[in-house]
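Peer 1: this one's sequence-less:
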């Protein structure tokens, strides 16, 4: 998640609880901590950055790649960085919506079921 809006691969928005609590952050951090303790993942950051992905250049279908292309050797997928400054200027303070969080999906990266990752588990939060 790049801090330079002039050259981004992924554009995301922050997720903020409407009750200004940190319950969701505590929940996802504790799940990540358990995964780390079980050896299922390696700690990369101090906390999980809760977000919603809006644009991911990995799924760019443009056949002509510009100067900012990046090839990731793991999957040989090509990313094309883009300038998100205008999008952020226009929509930077936009409140996209609110929703009730009823469940949390533990997804298996690299797998697809329909148009989303396959689930390892679904945790009911209600």
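Peer 2: Looks like it arrived, so ask away. Keep in mind that this is a model prediction, so the values were computed, not measured.

Peer 1: how close does the residue lying closest to residue 43 once chain neighbours are set aside get to residue 45?
Peer 2: In space, and not counting its chain neighbours, residue 43 is closest to residue 36: 5.2 Å by CB to CB, 6 or more residues apart in numbering. C-beta: built from backbone N, CA, C; applies to glycine. Going from residue 36 to residue 45 by CB to CB, to the nearest Å gives 11 Å.

Peer 1: Comparing these two, which residue is more hemmed in?
Peer 2: A direct count of neighbours by other CB atoms under 10 Å for residue 36 and residue 45 places residue 36 higher, at 13 against 8.

Peer 1: Confirm that that one sits in a helix.
Peer 2: Yes: assigned with DSSP: H, G, I helix; E, B strand; the rest coil, residue 36 falls within a helix.

Peer 1: What's the separation between it and residue 46?
Peer 2: Counting by CB to CB - residue 36 and residue 46 are separated by 12 Å.

Peer 1: Where do the helices of this structure begin and end?
Peer 2: 23-37, 85-91 (DSSP state H).

Peer 1: Any idea how many residues pack against the closest residue to residue 6 other than its chain neighbours?
Peer 2: Nearest non-adjacent residue to residue 6, counting by CB to CB, 6+ apart: residue 83, 5.1 Å away. As a burial measure, residue 83 scores 13 neighbours (other CB under 10 Å).

Peer 1: longest strand of the chain?
Peer 2: Determined from DSSP state E, the single longest strand within the chain is strand 103-113.

Peer 1: okay, and the helix or strand of this protein with the least pLDDT?
Peer 2: Between all helices and strands in the chain, the lowest mean by mean pLDDT, DSSP states H and E belongs to strand 69-72, at a mean of 50.
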